[in-house]
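Student: this is a predicted model, with the sequence first.
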Amino acid sequence: MIDFNALAQEYQTPLYVYDLDAMSSQFEALKTAFKGRKSLMAYAVKANSNLSVVKHFASLGAGADCVSIGEVRRALMAGIPKYKIIFSGVGKRDEEIREALQNDILYINVESDGELGRVDAIAAELGVQARISIRVNPNIDPKTHPYISTGLHANKFGVDLDVAKRMYIRAKNSSNLDPVGIHFHIGSQLTELDPIREAAEIVADLVRSLSVLDIELKFFDIGGGLGIRYKEETTIDPYDYAQAILGTLRGLDLTVVMEPGRFLTANAGHFLTRVLYEKRNGTKRFVVVDGAMNDLIRPSLYNAYHGIEAPFRTGECTEADIVGPVCESGDFLAKNYPLPQMEHNDLLVVHSAGAYGFGMGSNYNTRGRAAEVAVEGGKARLIRRRESFEDLIALEKEFLES
C-alpha cells in the first residue's frame, strides 16, 4: 500500500507516483500469455518515457518501441539493447533515419512509400542495409476514441494492403533494404477482441502472399493498444489476446513483437494534487486544486475519465468540477465528480495516471512540470525533480536584449 500522504508531504504537489512492482506484474502477465511462441515485448516509450521507468522495463528483458529519435536515445541510455529497439512513427526526418541506421537498431517501421524511398536513399549514402518493417493499415474499426484510432483509412497511419505489397517488392529489389517484418496497430485503449483478431488475420494473409513472392519475413509486429480499466470498462484478458493473435499465424514461423504501453503503466501511476479552496458560482460547485491541464491533459483532450480519491475526507458527496489554476475553461481534471466537502490542503489522488500523463505535460502559463517518484519494494525514490522557474527560462534568458 503506497502512503500517498507521506509522499505528498516529502515531495510536494502536484506529483506523479509510479508503482514499479505493479508495472512488473502487468509485464509478466502479458509475457506469460505469449510464452509458447517466440516473442519480443517492446515497451512503447511514449506511454511513460521517464528514464527510470524505461530502465525498469529493460531490467525485465523488454525492448523498446520508439516514435522519435529522442525516444531511441532514451531507450539506449536506459539500457535497452539496440537489437531490441524499433523506430516507428509517421514523420521521420532524414537525420532521425540516419541516426537510427547508424545505431543499428532492430528495424525501422516504415509508414509510406515516400518514407521507404528516404530510408533507401539514406542507407545507400551510409553504405548499410536497412532492416525495415512496413506498417499495414487493415481498415478495421477499433471501436475506441477517434483520437486514438489508427487502423482506418481515415487515419494517417500505415498503408493499405496493395500499397504494402508493392513496397515489399520494392524493398526486396533494393540492395539497401532488408524487409524483415510487418506491423499493424489499429488503435489504443482497445477493449474488444474481434477487431484485433480480424486485423491480425488480414495481415497474416498478406504475409502468406508475400512468401509466395519469396519475401520471407521474421517479425509479426502486432503493435499495442490493450485497454485498461479506468472506470467500468470490460478489458481483454492477456491469454485471450494471445490466443486470438496466435490463431491467425497457422503455418508461419514468425517472432511476435508486441508494443504495450498503457497496459503496463497506466494503472500503476497516480497523480497527487492538493485542494487550494472550494468556490461556487450560483449552484455550481468547484474544487480548485494545484494540479492542472498542463500536468494531466487527458481529461481536457479526450474527455477522459480518471478515478479520483479523497483519502482523508468522508461524508456526503455532491458533484463538483475539479479544476486547476491554468487560465482556460478547459482546465479540469474532472467534471461533475462526486466529492465530500473539501478543505484547504486536502489531498486528492488521481488514479490511472501512469500513461500519457507527465509525458503530455507542458509549461503553459509558465508552470513547472511536476516531480516524479517511483515506488518499488515499498521504498520510494525521486526519479525526476520538480522543474524550477530557472529551468523554464534557461533557453531564453541569454537572448534578452540588454
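Tutor: Noted; the coordinates are in hand. Residues are numbered from 1 along each chain as shown.

Student: list the buried residues of stretch 300-308.
Tutor: 300, 304, 305, 306, 307, 308 (16 or more other Cβ atoms under 10 Å). The way it works is simple: take the backbone N, C-alpha and C, and place the C-beta from them, glycine included.

Student: quick check: mean pLDDT of it?
Tutor: For stretch 300-308, the mean per-residue pLDDT is 95.

Student: look up the closest residue to the residue nearest the centre of the chain, ignoring the ones flanking it.
Tutor: Nearest to the geometric centre of the chain sits residue 47, at 2.5 Å (Cα atoms, centre = their mean). Leaving aside its sequence neighbours, residue 47 sits nearest to residue 261 (Cβ to Cβ, 6 or more residues apart in numbering; 3.0 Å).

Student: ok, and for stretch 257-276, which residues are buried?
Tutor: For stretch 257-276, by 16+ other Cβ under 10 Å, it's 257-276.

Student: mind listing the strands for the stretch 1-150 of the chain?
Tutor: In the stretch 1-150 of the chain, the segments counted as strands under DSSP state E, counting those that start in this stretch are 15-19, 39-44, 63-66, 85-87, 107-110, 130-135.

Student: which elements pack onto the longest strand seen in the chain?
Tutor: Counting by DSSP state E, the longest strand found in the chain is strand 269-281. Using 3 or more Cβ pairs under 8 Å, 6 or more residues apart in numbering; DSSP states H and E, the elements in contact with strand 269-281 are helix 4-11, strand 15-19, strand 284-289, strand 347-350.

Student: ok, 10 Å please
Tutor: Applying 3 or more Cβ pairs under 10 Å, 6 or more residues apart in numbering; DSSP states H and E, we find strand 269-281 packed against helix 4-11, strand 15-19, strand 284-289, strand 308-309, strand 318-323, strand 332-339, strand 347-350, strand 371-376.

Student: helix or strand right after the top helix by length along the chain?
Tutor: What stands out as the longest helix in the chain, according to DSSP state H, is helix 193-212. Where DSSP states H and E defines the elements, the next helix or strand beyond helix 193-212 is strand 219-221.

Student: ok now that following strand, how far from the chain's centre?
Tutor: How far strand 219-221 lies from its chain's middle: 19 Å, per Cα atoms, centre = their mean, to the nearest Å.

Student: listing partners with orientation, what would you give for the longest strand of the chain?
Tutor: On the basis of DSSP bridges, the sheet neighbours of strand 269-281 come out as strand 15-19 (antiparallel), strand 284-289 (antiparallel), strand 347-350 (antiparallel).

Student: can you list the residues that contact the second one?
Tutor: Residues outside strand 284-289 that contact it (Cβ atoms under 10 Å, 6 or more residues apart in numbering): 13-14, 272-280, 295, 308, 310, 318-325, 332-334, 336-337, 339, 341-342, 344, 346-348, 350.

Student: list the contacts for the nearest residue to residue 57 once chain neighbours are set aside?
Tutor: In space, and not counting its chain neighbours, residue 57 is closest to residue 43: 4.4 Å by Cβ to Cβ, 6+ apart. Residues near residue 43 by Cβ under 10 Å, 6+ apart: 23, 27, 49, 53-54, 56-58, 60, 62-66, 75, 78, 80, 84, 224, 258-261, 264-265.

Student: which of these are buried?
Tutor: 23, 27, 49, 53-54, 56-58, 62-66, 75, 78, 80, 84, 224, 258-261, 264-265.

Student: now the helices and strands packed on strand 269-281 as CSV including distance to residue 183?
Tutor: Putting these into CSV (distance: least, Cβ to Cβ, whole Å) gives the following:
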stretch, distance to residue 183
helix 4-11, 39
strand 15-19, 28
strand 284-289, 40
strand 308-309, 36
strand 318-323, 39
strand 332-339, 35
strand 347-350, 33
strand 371-376, 30
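
Student: of all those, which one comes closest to residue 102?
Tutor: strand 371-376 (30.7 Å; Cβ to Cβ).

Student: helices and strands around the closest one, which ones?
Tutor: For strand 371-376, the packing partners by 3+ Cβ pairs under 10 Å, 6+ apart come out as helix 4-11, strand 15-19, helix 20-33, helix 51-59, strand 269-281, strand 379-384.

Student: again, only using 6 Å
Tutor: Other elements packing on strand 371-376 under the criterion 3 or more Cβ pairs under 6 Å, 6 or more residues apart in numbering; DSSP states H and E are helix 4-11, strand 15-19, helix 20-33, strand 379-384.

Student: and the angle from the shortest one to helix 20-33?
Tutor: This points to strand 15-19. With axes from the mean of the first three to the mean of the last three Cα atoms, to 10 degrees applied, the angle from strand 15-19 to helix 20-33 works out at 40 degrees.

Student: in space, what's closest to residue 58 - neighbours in sequence excluded?
Tutor: Residue 58's closest residue in space is residue 79 (Cβ to Cβ, 6+ apart), at 4.1 Å.
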